[in-house]
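need coordinates for the below:
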Amino acid sequence: MTDSDLFDKELMEDERLKGGKKKQKKEDAWKPEAPRDPFAMLNSLPETKQQEIQRALHLFSLGPSLPKNLQQARTHEYRFWDSQPVPKLGDVLVTHGPIVEGEASVRKEPCSLPPGFSWDTLDLGSPTAMKELCALLNENYADEDDNTIRRDFSLEYLQWALQPPDWLPRWNCGVRVHRNGKLVGFIAALPAAVRVYETEKRMAEVKFLCVHKKLRLKRMTPVLIRELTRRVNQRGLSQAVYSAGVVLPTPLSSCRYWHRPLSPRKLTEVSYPGLRQNMNLQRALKFYCLPETTKTPGLRPLTKADVVGVHSLLQANLLKFHLGSVMSLQEVEHWLTPRENVIDTYVVQGEAGTVTDVVSFYSVSSRVLNHPVHTGLRAAHLLYAAGTATDPADLMEDALVLAKSKGFDVFCALDVMDNKSFFENLKFNVTDKSVHYYLYNWMCPNMSPDKVGVVFPS
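Got it, this is the predicted structure:
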C-alpha cells in the first residue's frame, strides 16, 4: 500500500468519525446501547474541559519537533540541513560571500516524490486553487503551542502576500495526492533584492512552507525545499532569505515577538499567550487604556500620490540596518497601499506638503477553537515605522489607537529595526515566541535584532 493510499484511508476514517453514527434500525432497538460517539461526548463537556483535551491531543500528535531555541538545537541532528549550503551551528563567521558557487547546469526534471504523489504549480489566478491553498494553510500551517488558536488565511491576504510585482508562477510549488488531487504540500518564493551588510543580491524570499499534518513523518519537507531550490536555480539565482519560528542551521539573527494588548478582556477570556500573569482584569483594563483619538497633526491613510515620498523615506531609513529589502516604487505601492483587512498604512504630511513619517501594519486573523463566546482573533503586525519629524513613540501610540478603532485585539511587533525604543513606554510585553532569520548559500557575521531591517508577512 502506497503513502497516498494510507493518506486516503486516514482521511476516509476521519470523515466517517466526523459524520457520527447512523440512527439505529427499529428492529435492533432491543439490543444493548452501543458505546457513545466520542465526538458527541466531547461536545457535551464544559468548554474548559474541551480546551484541555484539545491541548493534550495536539501535543500527542506533534511527534518529533524541531528545536525552538539554540540550547535544544545543539543536541539535534539535522540530517537534511547538514547536506545544504548553510553555515553549521557554532560556526563563527567573519567573511562575506557564497558558500558554494552557482551550478553550471541545473537539473531539468522535477525532484522525485513518493509513489502516489505529484507536483503541481499552483495557479494563483484560479479561485479554486486559492481556496485549496487557504484550506491547507488554515488546517496545517502554524498553531499556537496549545492548539486553541489557529491561523485563518483569507484569499485577499494570500493574494497580497504571494503576488507582488515580478512574482513568478513557477515558484509556487504544490504537492497533490495523485488519486484524488488533494493539495497536501506547498512552498512559495518571491524574487527580491536584498542588501546584506554592503552587498546587494537578487535572492528568493521563501515563505509558506506547509505540509499536511498526516505527512510530516514522510520527509516531504526536504523534497519541497529541494524542488523549489531547483526552480530558483533555473532562474540563475543561488541565494535565498527566509525566517522560521524554529532553530535551523544557522540563524543570521534571532528576534523576539512583543505584544501590546488592545482588548485585554477578550485576550484574557481566550487565554492569549503573552499576557502579564500578575495582573487582574480590572487593572489590565486601566493599564492598557488608550486615547480615543490620534494626536499627530497631518496623520492620514496613505494614497497613491504618497508612494514616491514613502519610497524615498523607507530606503533612506533601511540603510541603517545590516539586512534590508531594496524595494522598487512598484513594490512599495504593492506592500503598503491600504487593503481592507489586509494592510493599513498611515503617513504624516508636513506643513510643506511632503511625507515626513510612515507607519504600516498588516492583519493576521486567527480562529479561536472550542470557546463558548469568541470565535476569532485579530492581530495587527507592525511592518514598517520610519520618519524624520514625529517622535517614534508618538507615531506608534497613534498606530495603536488606529488599530484598536479598526477592531484589532492585539498589536504585535518584532524587536527588529528601531522598534525596541518604544516597547516599554507603550506597554508592550515580551513573549517567548521567536523568529529566526536565515540566508541560504550565503555566509556573513551574525547580527543583533536591531540591525535587521526587514519583516516577512506570513
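
so where do the helices sit in the stretch 51-200 of the chain?
Ranges of helices within the stretch 51-200 of the chain are 70-73, 127-140, 155-162, based on DSSP state H, counting those that start in this stretch.

need the helix or strand of this protein with the lowest average pLDDT.
Here the helix or strand of the chain ranked lowest by mean pLDDT, DSSP states H and E is helix 47-62, holding a mean of 48.

quick one: low-confidence parts of this structure?
Applying pLDDT under 70 to the chain flags the ranges 1-64, 104, 143-147.

still on that earlier bit, of all the helices of the stretch 51-200 of the chain, which one is nearest Leu113?
The closest of the helices of the stretch 51-200 of the chain to Leu113 is helix 127-140. By C-beta to C-beta, the value is 16.4 Å. All C-beta spots, glycine's among them, are computed from the backbone N, C-alpha and C.

just send the helices of the stretch 51-200 of the chain back as TSV, with distance to Gln349 and mean neighbour count too.
Output for the helices of the stretch 51-200 of the chain, formatted as TSV (distance: least, C-beta to C-beta, whole Å; neighbours: other C-beta atoms under 10 Å):
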stretch	distance to Gln349	mean neighbour count
helix 70-73	45	14
helix 127-140	36	16
helix 155-162	25	18
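
could those go into CSV alongside distance to Ala188?
Output for the helices of the stretch 51-200 of the chain, formatted as CSV (distance: least, C-beta to C-beta, whole Å):
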stretch, distance to Ala188
helix 70-73, 25
helix 127-140, 9
helix 155-162, 6
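
can you check which of the ones you listed gets nearest to Val246?
With C-beta to C-beta as the criterion, Val246 lies closest to helix 70-73 of these, at 8.7 Å.

restricting to C-alpha, output that closest one in PDB.
Provided in PDB are the C-alpha atoms of helix 70-73 (Å, rounded to 0.1, in the frame of the first residue of the first chain):
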ATOM      1  CA  LEU A  70      19.700  27.300  20.400                       C
ATOM      2  CA  GLN A  71      20.200  25.100  23.500                       C
ATOM      3  CA  GLN A  72      17.900  22.400  22.100                       C
ATOM      4  CA  ALA A  73      19.500  22.800  18.700                       C
END
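
and Pro445, which of the helices of the stretch 51-200 of the chain is closest to it?
Once the helices of the stretch 51-200 of the chain are compared by C-beta to C-beta, helix 70-73 is nearest, at 16.5 Å.

and the contacts of the closest one?
Outside helix 70-73, the residues that touch it by C-beta atoms under 8 Å, 6 or more residues apart in numbering are 67, 89, 247-249, 251, 254.

quick check, nearest of the residues you listed to Leu369?
Of all the contacts of helix 70-73, Leu369 sits closest to Pro67, with 26.0 Å by C-beta to C-beta.

give the contact list for that closest one.
The contact partners of Pro67, taken as C-beta under 8 Å, 6+ apart, are 73, 76, 246-247.

wait, which of these is closest to Val358?
Of the contacts of Pro67, the one sitting nearest to Val358 (C-beta to C-beta) turns out to be Val246, at 31.9 Å.

and for the closest one, nearest residue in space, chain neighbours not counted?
Leu66 (4.0 Å; C-beta to C-beta, 6 or more residues apart in numbering).

the one you found touches Pro249, doesn't it?
No - look at Leu66 against Pro249 with C-beta atoms under 8 Å: they stay out of range, at 11.0 Å.

between those two, which has more neighbouring residues?
Neighbour tally, Leu66 and Pro249, criterion other C-beta atoms under 10 Å: the higher count belongs to Pro249, 18 against 15.

in what helix or strand does that one lie?
Element membership for Pro249, per DSSP states H and E: none, as it lies in no helix or strand.

and it, how far from Leu89?
Pro249 sits 5 Å away from Leu89, going by C-beta to C-beta, to the nearest Å.

out of the contacts of Pro67, who's the most crowded?
Counting neighbours by other C-beta under 10 Å, Val247 leads the contacts of Pro67 with 23 neighbours.

return the residues in contact with that one.
Residues in contact with Val247 (C-beta under 8 Å, 6+ apart) are 66-70, 72-73, 76, 254, 436.

identify the farthest-apart pair in those.
Greatest spatial distance among those (C-beta to C-beta): His76 and Ser254, at 15.6 Å.

how about residues contacting stretch 267-275?
Stretch 267-275 is touched from outside by 51, 144-146, 148-149, 257, 259, 261, 264, 281, 284, 368, 371, 373-374, 377, 409-410, 429, 431-433, with contacts defined as C-beta under 8 Å, 6+ apart.

so which of those residues belong to strands?
149, 257, 259, 261, 368, 377, 410, 429, 431-433 (DSSP state E).

what about the strands in the stretch 1-150 of the chain?
117-121, 149-151 (DSSP state E, counting those that start in this stretch).

which one of those lies nearest to Thr354?
Nearest of these (C-beta to C-beta): strand 149-151, 38.4 Å.
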